[in-house]
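S.K.: Coordinates only, no sequence provided:
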């Protein structure tokens, strides 16, 4: 009686009830088990997936080195859990939270069990409520997760997942970020923010990037980067632009006044008449009046 009560469910029922993608492969990565949650996540049906190598189905090129590291850890008897960029049947790359464990018989690895879920869903309560743009980076600066705010603030699409963040940085900022990443990777926890120029739909803009090393956190396995537009830098640049505009206007005014005086003395006319000659030539020849005045003073133009 006790034995009958202990086995009321079929193994297949248990696998399908998980609600998470469950994949079992042999040591070489050939798929043996692929539940319907895996089909929902990756797009491949169980019949399509079984007998094919997992690398062909879900591992993008950018993640291939990590896949090898995971297999090495499993062969040594360990487990692996963390963020990992994957590819679905349509070729879309997106972040997942993966836990892989080895199956051993008499000390020999005979299979790998992997459970995965969409990392965007897992991190949503932590990162997506923030108005900051949130990225999760590997130690080599490859993006494994991007919150919706990255598109709102900087115009970056979901396609940045699985790619390096470096091309999004101004060339002059890349050495500083490389050094900063080295410091962050070496020291767990939060680090002081860094101001960098990043590429946006508007061109290069200043952003404040705060990095937190969560590489040892099994739920993240990455560096969380919170980014926002740097209002301090934008206000400073705006003030500098206004000052430069005022200085340019002042220099233009001085040149125009000098040209008026030169024309008035040379042609025995009043200052107002001299200005009218400058303005008329500017309009007729579609040239800014400052350039007309410069040419008059350089003796390149005679407005007789």
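M.R.: Sure thing, it's come through. Since this is a predicted model, take the numbers as computed values, not measurements.

S.K.: For the closest residue to residue 43 other than its chain neighbours, give me its contacts.
M.R.: Excluding the flanking residues, the one nearest residue 43 by CB to CB, 6 or more residues apart in numbering is residue 89, at 3.1 Å. Just so you know, the C-beta spots here come from the backbone N, C-alpha and C atoms, and that holds for glycine as well. Shown in contact with residue 89 (CB atoms under 8 Å, 6 or more residues apart in numbering): 42-44, 57.

S.K.: Can you tell me which helices and strands the strand or helix carrying residue 209 packs against?
M.R.: Per DSSP states H and E, residue 209 falls inside strand 203-214. With contacts taken as 3 or more CB pairs under 8 Å, 6 or more residues apart in numbering; DSSP states H and E, strand 203-214 sits against helix 174-186, strand 189-190, strand 194-200, strand 222-229, helix 231-267.

S.K.: Kindly reformat the ones you listed as JSON lines containing mean neighbour count.
M.R.: Below are the helices and strands packed on strand 203-214 laid out as JSON lines (neighbours: other CB atoms under 10 Å):
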{"stretch": "helix 174-186", "mean neighbour count": "15"}
{"stretch": "strand 189-190", "mean neighbour count": "12"}
{"stretch": "strand 194-200", "mean neighbour count": "18"}
{"stretch": "strand 222-229", "mean neighbour count": "21"}
{"stretch": "helix 231-267", "mean neighbour count": "13"}
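
S.K.: Tell me which of the ones you listed lies nearest to residue 277.
M.R.: Proximity to residue 277 (CB to CB) singles out helix 231-267 among these, at 6.1 Å.

S.K.: For the next helix or strand along the chain from the closest one, name the packing helices and strands.
M.R.: Next in sequence after helix 231-267, counting helices and strands by DSSP H and E, comes helix 271-284. Applying 3+ CB pairs under 8 Å, 6+ apart, one finds that helix 271-284 contacts helix 231-267, helix 289-297.

S.K.: Which of the ones you listed has the lowest mean pLDDT?
M.R.: If the helices and strands packed on helix 271-284 are sorted by mean pLDDT, helix 231-267 sits at the bottom with a mean of 72.

S.K.: contacts for the helix or strand harbouring residue 115?
M.R.: Using DSSP H and E, residue 115 falls within strand 108-118. For strand 108-118, the external contacting residues (CB under 8 Å, 6+ apart) are 18, 20-27, 29, 32, 38, 41, 54, 71, 74-75, 84, 86, 94-104.

S.K.: If any of the residues you listed are buried, put those into a PyMOL selection.
M.R.: Only the buried entries of the contacts of strand 108-118 go into this PyMOL selection, using 16 or more other CB atoms under 10 Å:
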select buried, resi 21+22+23+24+25+29+38+41+54+71+74+84+86+94+95+96+97+98+100+102
